[in-house]
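> Quick check, what structure comes out for this input:
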Amino acid sequence: MKIEGDNSCGVASVILGILSICFILLTFLALLAPLAGLGLSITSLLFARAQKKHGANKWSKAGFILSMLGIILNGLLIFWMLSAILRSYSQYKALCDAAGGCDKILEYLQAQQATAGAIA
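Predicted structure coming up:
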């Protein structure tokens, strides 16, 4: 049953879109926040499309814009986090190779520090 003037899906879309963008700020507290933000963005997009089917209005348009912004920003943040993890892993592997094995990293770093201390 279609109710005239029903904006519930549009309002839900806007609220979820705003929350998905706010989850970007929580990244420094929880590493999974961008994944939750991406999920909220996708849900917001679905609500915006549902509102558009019931009747396109400013709520459906605002929800769509916010959900797309949330998808883009959270996606970029997830990409950045994954690239940082991969970069850290490659540096760790290089350190393992330089030390002659991952179990010898501590001794290698202590020797490096002693050498640097002797020079200074």
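
> Now do I85 against Q91, distance only.
11 Å (C-beta to C-beta, to the nearest Å). Yep, even glycine has a C-beta here, placed from its N, CA and C like the rest.

> Which positions in the helix or strand encompassing S44 come out as buried?
Per DSSP states H and E, S44 falls inside helix 33-55. By neighbour count with 16 or more other C-beta atoms under 10 Å, helix 33-55 contains the buried residues 33-34, 37-38, 40-48, 50-52, 54-55.

> repeat for stretch 98-111
Buried residues in stretch 98-111, defined by neighbour count with 16+ other C-beta under 10 Å: A99.

> end-to-end on it?
For stretch 98-111, the first-to-last residue distance is 12 Å (C-alpha to C-alpha, to the nearest Å).

> avg pLDDT for it?
When pLDDT is averaged over stretch 98-111, the result is 92.

> List the contacts of that stretch.
With C-beta atoms under 8 Å, 6 or more residues apart in numbering as the test, stretch 98-111 has contacts from 92, 95-96.

> Which of those ranks first by neighbour count?
C96 (15 neighbours; other C-beta atoms under 10 Å).

> Return the residues in contact with that one.
Taking C-beta under 8 Å, 6+ apart as the test, what C96 contacts is 102, 105.

> All the helices of the chain, in order from the start?
Assigned helices in the chain, in chain order: 8-25, 33-55, 58-99, 105-119 (criterion: DSSP state H).

> Under the pLDDT cut-off, which ranges of the protein? List them.
1-5, 120 (pLDDT under 70).
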